[in-house]
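>>> Curious how this folds, go ahead:
(chains A, B and C)
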Amino acid sequence: MSASQLVTQLKRGLDAPICLTWELTYACNLQCVHCLSSSGQRDDRELTTEQAFAVLDELRDLQVFYINIGGGEPMIRRDFFDIIEYSIANDIGVKFSTNGAFIDEKNAQRLAAMDYLDIQISLDGVDAITNDPVRGVGSYDIARRAMDNLKAANFGPFKISVVVTRHNVDQLDEFKALADSYGAQLRITRLRPSGRGVDSWNDLHPTNEQQVQIYNWLLAHGENVLTGDSFFHLNAIGEALPGLNMCGAGRVVCLIDPIGDVYACPFVLHDQFKAGNVHDAGGFTSVWRDSELFTSLREPESAGACASCGNYDSCQGGCMAAKFFTGLPLDGPDPECVIGHGEALLAERQASPVSITPKPSKDHSKPARSALSVVS
Amino acid sequence: MSPVAVATAETASQETLETASEVLVLEELLVEEISIDGMCGVY
Amino acid sequence: MTLTLSSACALHPQVALRPEPFGALAYHYGNRRLVFLKHPDVVRVVRELGDHPSIAHTLRACGIATERDASFLQALNQLTKSEILRVC
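Coordinates of the predicted model:
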């Protein structure tokens, strides 16, 4: 079996995900403008501690080695430590994403004492002026304090997680230096037009010139920087970036949301990509193995409108979520196609009087800030 | 296609197959490591 | 060190094997490496290594043709480097 045959095999799906993302709550102290899950306020239907344990029992039986916990802000849940301790005790390694607000000195020490635990602190600028317009006033200081606390507690190499935007793309070297200064690992992710990103993507996504800049930077630093394999659409520029160069949605990864709904990936929280719920008969296992949606995602995909482009093998047509939430057909170019096919389609679509882009199916955003200022 | 041509084509493809399977035995790639750390997205 | 046919090795105690249609996934909880075992034969060999005095004994016990010894040695060496296997 050659490397490409491995990818072919992976595209047909596995008996269980390699890892999955689990958003524990919609509650969040922040209101990032690009939040994938449009989080803010808790939902009454969120899984209870016992229900969360039952999901973990299932993941243990499926031998899911590793889960990625997010939110909202997962540390807001009062049973946060119970859940991650239960997971780790059942041989399911945990990585969680946090804005850092709850990593005080005491919690940093508690986290540092645990095995099989990774922490990912989100930061979208190397200074408050760049970061805070995206992640909220004070969020830069919150993240840095959490990093300082983890370092002081000797947590070890945590991760700094950056969503690349047109405003921070020039800071990649500085992000790397910041990570190095903490003994941390840098992770950069592609911005998607998902969640509240539906409204902010136009202003935030890198220009085509900047995409080339990201590609060149990753070619030079890719071995030491994590990307979640999220930049494979850039491979049409030249030699392939490190990674599997495939979309894992419903094939090797998936997402469980706070109320137990299972989606193909963290970037497509929309009814069209909902495969089922952990409460369904047969539980998560049946959703993963037998749902109509996941079964269809594991069938060979069509290159569609990209079939005539010589770069399809390199870029795979890009990201399903990016296409879906910009209103582009799924079997055509990515909106950020580096050859420019996406841009042309987007312009056409935006000029059409009947163009409607899909909205995320759930929105837990807090009431608008203007309403708050009226109250105060 | 004439019968002769068919026979030639079959012989050729059989030879290709044999060569391919020899290469496979010589260079069978039985294991491959991927990075689990980088997979799965959340911001 | 490099393994030879007469070396003895076994699955690392911190490694879990998860069966998959193409073979298995091997995951090391300590170093978090994930390795695909891309053929059912290599899964059988890896599972049985600890039960035999040498790699050659294991390969023969698993019915692996000698022409494939080189491929298996290469694979087992890679698995040792990833610490999926440990040398006994």
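
>>> Report pLDDT for the residue lying closest to A:Asp229 once chain neighbours are set aside.
The shortest distance from A:Asp229 to any residue that is not its chain neighbour, by Cβ to Cβ, 6 or more residues apart in numbering or on different chains, is 4.0 Å, and that residue is A:Gly243. In this view, the C-beta of every residue, glycine as well, is placed from N, C-alpha and C. If you check A:Gly243, the pLDDT there is 81.

>>> Next, A:Gly243: phi, psi?
Main-chain torsions, A:Gly243, degrees, to the nearest 10: phi 130, psi 180.

>>> Then A:Leu330?
For A:Leu330, the backbone dihedrals (degrees, to the nearest 10) come out as phi -70, psi -20.

>>> Near chain A, which residues of chain C are found?
Within chain C, the residues that sit near chain A (Cβ under 8 Å from any Cβ of the partner chain) are C:16, C:18-22, C:25, C:27, C:29, C:32, C:34, C:36, C:38-39.

>>> Quick one: low-confidence residue ranges for the stretch 1-150 of chain A.
For the stretch 1-150 of chain A, residues meeting the criterion pLDDT under 70 lie at A:1-4.

>>> Chain C contacts on that one?
Along the stretch 1-150 of chain A, the residues adjacent to chain C under the rule Cβ under 8 Å from any Cβ are A:1, A:6, A:9, A:12, A:14-16, A:18, A:63, A:65-66, A:91, A:93, A:116.

>>> Need the three-state assignment for the residue nearest to A:Arg166 when sequence neighbours are not counted.
Excluding its sequence neighbours, the residue lying closest to A:Arg166 (Cβ to Cβ, 6+ apart) is A:Pro206, at 4.9 Å. For A:Pro206, the secondary-structure state derived from DSSP: H, G, I helix; E, B strand; the rest coil is coil.

>>> May I have the residues that are in contact with A:Pro206?
Under the criterion of Cβ atoms under 8 Å, 6 or more residues apart in numbering or on different chains, the contact partners of A:Pro206 comprise A:164-166, A:169, A:191, A:213-214, A:336.

>>> can you name the two of these that are farthest apart?
Farthest pair in the contacts of A:Pro206 (Cβ to Cβ) is A:Leu191 and A:Gln213. Separation: 14.3 Å.

>>> So for the two, which sits in the more crowded spot?
For A:Leu191 versus A:Gln213, neighbours defined as other Cβ atoms under 10 Å in any protein chain shown are more numerous around A:Leu191 (23 against 16).

>>> mind listing what the more buried one touches?
Taking Cβ under 8 Å, 6+ apart as the test, what A:Leu191 contacts is A:34, A:163-165, A:197, A:201, A:204-206.

>>> try 7 Å
Contact analysis of A:Leu191 by Cβ atoms under 7 Å, 6 or more residues apart in numbering or on different chains lists A:34, A:163-165, A:197, A:201, A:204-205.

>>> Count the neighbours of residue 70 for me.
Went with chain A since none was named. Here the number of neighbours of A:Gly70 (other Cβ under 10 Å) works out to 28.

>>> look at chain C instead
When neighbours are defined as other Cβ under 10 Å, C:Ala70 has 14 of them.

>>> pretty sure it is in a helix, no?
Yes. Judged by three-state DSSP, C:Ala70 forms part of a helix.

>>> Going by neighbour count, which of the residues of chain C next to chain A are buried?
Buried positions within these, assessed by neighbour count (16 or more other Cβ atoms under 10 Å in any protein chain shown), are C:18, C:20, C:22, C:25, C:27, C:29, C:32, C:34, C:36, C:38-39.

>>> Which residue, neighbours along the chain excluded, lies closest to A:Asp271?
Of all residues apart from its sequence neighbours, A:Ser361 sits closest to A:Asp271 (Cβ to Cβ, 6+ apart), at 4.7 Å.

>>> Now do the same contact list for the one you found.
For A:Ser361, counting by Cβ under 7 Å, 6+ apart, the contacting residues are A:269-271.

>>> which SS class is A:Ile188?
When the rule is three-state DSSP, A:Ile188 gets the label strand.

>>> Now do the residue lying closest to it once chain neighbours are set aside: how many residues are near it, please.
Of all residues not flanking A:Ile188 in the chain, A:Val162 sits nearest, at 4.8 Å (Cβ to Cβ, 6+ apart). Here the number of neighbours of A:Val162 (other Cβ under 10 Å) works out to 27.

>>> List the strands paired with the host helix or strand of A:Val162, with their directions.
Secondary structure here is read from DSSP states H and E; on that basis A:Val162 sits in strand A:159-164. Strand partners for strand A:159-164, identified by DSSP bridges, are recorded as strand A:117-122 (parallel), strand A:185-190 (parallel).

>>> Throw those strands into TSV and include mean neighbour count, thanks.
Listed next are these as TSV, based on neighbours: other Cβ atoms under 10 Å in any protein chain shown:
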stretch	mean neighbour count
strand A:117-122	23
strand A:185-190	23
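
>>> Can I get these in JSON lines including distance to C:Gln78?
Putting those into JSON lines (distance: least, Cβ to Cβ, whole Å) gives the following:
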{"stretch": "strand A:117-122", "distance to C:Gln78": "25"}
{"stretch": "strand A:185-190", "distance to C:Gln78": "24"}
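
>>> Point out the residues in the stretch 151-300 of chain A that sit beside chain B.
Applying Cβ under 7 Å from any Cβ of the partner chain, one finds that the stretch 151-300 of chain A approaches chain B through A:161, A:163, A:189, A:226-230, A:244, A:248, A:253, A:266-267.

>>> pLDDT averaged over stretch A:288-306, what's the number?
95.

>>> Wasn't B:Glu33 part of a helix?
No. If the criterion is three-state DSSP, then B:Glu33 is strand and not within a helix.

>>> how many other residues sit next to it?
Neighbour count for B:Glu33, taken as other Cβ under 10 Å: 15.
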